[in-house]
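In: Need coordinates for the below:
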Amino acid sequence: MPAIEAPGTSSLRRTSGWRAYRPQINLSHCSRCFLCFALCPDGAIYLDEEHYPWVDYKHCKGCLVCVHECPAEAIREIREAVA
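Out: Reported below is the predicted structural model:
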């Protein structure tokens, strides 16, 4: 049976260039329900020491699942700047 012994490299791959929109979290409206953290398919949302969510924009692909699933509507989509 084949086995892969090398460590993963996903943390080295930046996928931020894939998105047209980015999620922006308004922490004053956040209820800390953790749905954005739990449902992010790329693991691009992490929690700080106070359990508030933050987006790792280097790895966020802009799927906006977090925007659509946030019950507090604390996350909005922002158009990426065109270079």
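
In: for this protein, which spans come out with low pLDDT?
Out: 4, 6-11, 83 (pLDDT under 70).

In: Going along the chain, name the helices of it.
Out: Here the chain has its helices, by DSSP state H, at 35-39, 65-69.

In: could you dump those helices to a markdown table with mean neighbour count?
Out: Where C-beta positions appear, they are placed from N, C-alpha and C, glycine not excepted. As requested, these are exported to a markdown table (neighbours: other C-beta atoms under 10 Å):
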| stretch | mean neighbour count |
| --- | --- |
| helix 35-39 | 17 |
| helix 65-69 | 17 |
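
In: Let me have those in TSV, extended by distance to Glu49.
Out: Below are these laid out as TSV (distance: least, C-beta to C-beta, whole Å):
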stretch	distance to Glu49
helix 35-39	14
helix 65-69	20
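
In: between the ones you listed, which one is nearest to Leu12?
Out: Relative to Leu12, the nearest member of these by C-beta to C-beta is helix 35-39, separated by 22.1 Å.

In: by contact count, what packs against that closest one?
Out: strand 45-47, helix 65-69 (3 or more C-beta pairs under 8 Å, 6 or more residues apart in numbering; DSSP states H and E).

In: Present these as TSV; the columns should include distance to Asn26.
Out: Compiled in TSV, the helices and strands packed on helix 35-39 are given as follows (distance: least, C-beta to C-beta, whole Å):
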stretch	distance to Asn26
strand 45-47	14
helix 65-69	11
